[in-house]
Structure formats: C-alpha cells, structure tokens
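Q: Here is my input; please provide its structure:
(one chain, ligands or ions: 2)
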Amino acid sequence: MHHPFGVPFFTRRFDHLIRPAPLDGFVSEFVFLKGIINGTGDEGRGTQKGSQRTLSVVKRRRTLPAEKEARGMLVRRWQRLGVGLLVLLAGCAKFPPQPGVGVSRDRLIITLTYAAPLDPRYFYFIALDDDGNQLTGPMPSLTIPWGNGWAALPRQADLDPNTGKPRQGPNLSYFVEIRVSAPGVGQALVYRVTNPTLENYRQESLGAPLELTFLQNNQVRVTLDMRQLWANPTPIPDRIEMNFISVDELRLNPNDNTPRQGFDGLGISGNEFVSIPLTSNQTFPTSPAFNPEPTTAGDARIDALDLVDWRVQVIRAP
Ligand SMILES: [Ca+2]
Ligand SMILES: [Ca+2]
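A: Numbers count the residues shown, from 1 in each chain. Ligands and ions are numbered 1, 2, ... in the order given. As a prediction, this is how the structure comes out:
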C-alpha cells in the first residue's frame, strides 16, 4: 500500500500512517499516527465506528482477577499512606513543613467530555504508552485477538529482539480505568502494565489517582501524579503516547470473532493516538487543527461512549 503522506508501515492488523503536520517543527512536538483497520468490504466497514450495523451485544461487567487483586492493592496503598501521614504529621511538629512529601507536583490533568453521561454499563480508559517510540501507542481492540479485553496488544513476535519492545503498532504501559457507579459518580484506578504482550499480558494496580472529578455527568477530570507512574528514581519520560478508549464490553472470549461495535477512541477509526511531550507546562491539543477526534458527536455508535472533547494539561514542578 502506498500513501502520499509519508512512510507507510504495517502490522498484521493495522496500517499506520504518519499524518503530516501542517507546521514545520510541530510534528516533533505533537505527532498523530493513524491506524486503518485492515480488511476490505463488510469486514472493514463493520469495524468502523460509524457502522450502521445493528448492535446486539451483551453488556456485562466482569470482574477480572486483576481487578480483584487491585482492590487488595488499593487497601494496602491506603494503609501505607496512613503510615506516611503519621510520619508527616510527626515531622511537622518538629521541623519546617516539607512540601510535596509523598506527592510530586508533576501532574497530568486529563479532561474528557462525552456526547452523553458516562454510563455505568460501559468501560472508560485513559491509556498511556511510555516506550519512547512515537510509532507505537494505545489502541482499542476491535477484532480478535482481543488483547486485554479493550486494548490491542503487541504479539511477542512483534517485539524487536534488541529492545524487547514493539517497533510499531499497539502498545500499552499504563492506564486509568474510570468506573461509573451512577451518572456523575464513580471512581478510578491506575494500572501499570508489567507485560504488554498478547501472550503474557500482566497488569498491576497502582491505586487511585490523585483526583477524579465529574465536572458534569458527561465530563470527567482525572489528575495524575506523574510520580505515581514513574516513581523516583525513574525519570519522567520526555513524551508519552495517549488514547482515550471507551468500550461497551470487555471482550475476553478468544473465539468471539464479531468485530466490536460499541467503542470510541481518538480519530475516526479510533486507532489514532497522540504523542504528548511531558517536558514543559502545556495544554493539549494546542490547536483544534491538531485534534484527531471529531468535536461533534456521531463517530461512535453509542453516545455515552462518544468522546467529543479531550484535554491534557501537563504541569511540571518548577
Ligand atoms: Ca510509543
Ligand atoms: Ca467521538
């Protein structure tokens, strides 16, 4: 396949094309990658977000073993935090206050707006990839293999033997799952993906983010302490790839070859992701021209999954 925009490259399931940046120099700061679902005819169209096929899927909430584990990890984290607060309070009595103990001032503030209130039946993820490669990033799983149920994952065979990382295509390092219990009410958990491959996928919970706020029933804001993800002395990466993936169900049956219908992610296909530099204070998208997601509803079949606006604010400690 040839594309006039630039270097095409391929994986088994996706074609990825680098979208040209309208301004010279900007491409290095904010690169879009577009994945086009392979396949032709009905199969290809059927996996597009705007497909007019009849939706008849069973929506159910599963409890994954990792989620059960996560609840335990959440409790343990709070216990540790309690000990830390005691130490901090004791310290305040004797020493000058030490700002930022236990919490850094390096923040990622993500605000997502949907066409309808976030729905307790559905699943909402903020997905990050920190592998340092702008050709890889988080993507929804839209056909088999279903990855972790919502995100496409690299195969072991896709990994570069020299780096142990994929050269292109889907990848996942961290994610936040937002769980909605009622309109405007919910909680969130942060996860680290300890092995992103299809064959050996593993995740662990890092506990709750700093803040989860429903600004409106259809608008949620998550504040992440970057140091929760990249704990000292791990350096905060220069940039990450992000996608905002919403799905109507977790697909975990490897024999289920019905393309996913209810979902949204960045871009018309849902397979675009953005590469965001973390090196300075900035809010993305820096211009509407660099937003791959339509700002009007309709590219997703289900309004409660249809992302219509997103904002990522990077705040670095001085
Ligand atoms: Ca990447
Ligand atoms: Ca949308």
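Q: Show me the shaky parts of the protein.
A: Applying pLDDT under 70 to the chain picks out residues 1-102.
Q: Just the closest residue of it to ligand 1, please.
A: When scored by CB to the ion, the chain has T136 as its residue closest to ligand 1, at 3.7 Å. Every C-beta, even on glycine, is put in place using the N, C-alpha and C of the backbone.
Q: so that residue sits right up against Q168, yeah?
A: Yes. Using CB atoms under 8 Å, T136 is in contact with Q168, at 5.9 Å.
Q: residues contacting the residue of the chain closest to ligand 1?
A: D129, P154, K165, P166, R167, Q168, G169, P170, N171, E241 (CB atoms under 8 Å, 6 or more residues apart in numbering).
Q: Buried subset of the residues you listed as a ChimeraX selection?
A: This is the ChimeraX syntax for the buried subset of the contacts of T136, where burial follows 16 or more other CB atoms under 10 Å:
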select :129,154,165,166,168,169,170,171,241
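Q: Mind putting the contacts of T136 into CSV with secondary structure?
A: Formatted as CSV, these follow (DSSP: H, G, I helix; E, B strand; the rest coil):
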residue, secondary structure
D129, strand
P154, coil
K165, coil
P166, strand
R167, coil
Q168, coil
G169, strand
P170, strand
N171, coil
E241, strand
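Q: Just the CA trace of the longest strand along the chain, in CSV.
A: The strand that spans the most residues within the chain, counting by DSSP state E, is strand 185-195. The C-alpha trace of strand 185-195 is given here as CSV (Å, rounded to 0.1, in the frame of the first residue of the first chain):
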residue,chain,number,x,y,z
VAL,A,185,-20.5,9.3,40.3
GLY,A,186,-17.5,7.0,40.1
GLN,A,187,-14.0,6.0,41.0
ALA,A,188,-10.8,5.4,39.1
LEU,A,189,-7.8,3.1,39.4
VAL,A,190,-4.3,3.5,37.9
TYR,A,191,-2.7,0.4,36.5
ARG,A,192,0.8,-0.4,35.3
VAL,A,193,1.2,-3.0,32.5
THR,A,194,4.1,-5.1,33.5
ASN,A,195,4.0,-7.2,30.4
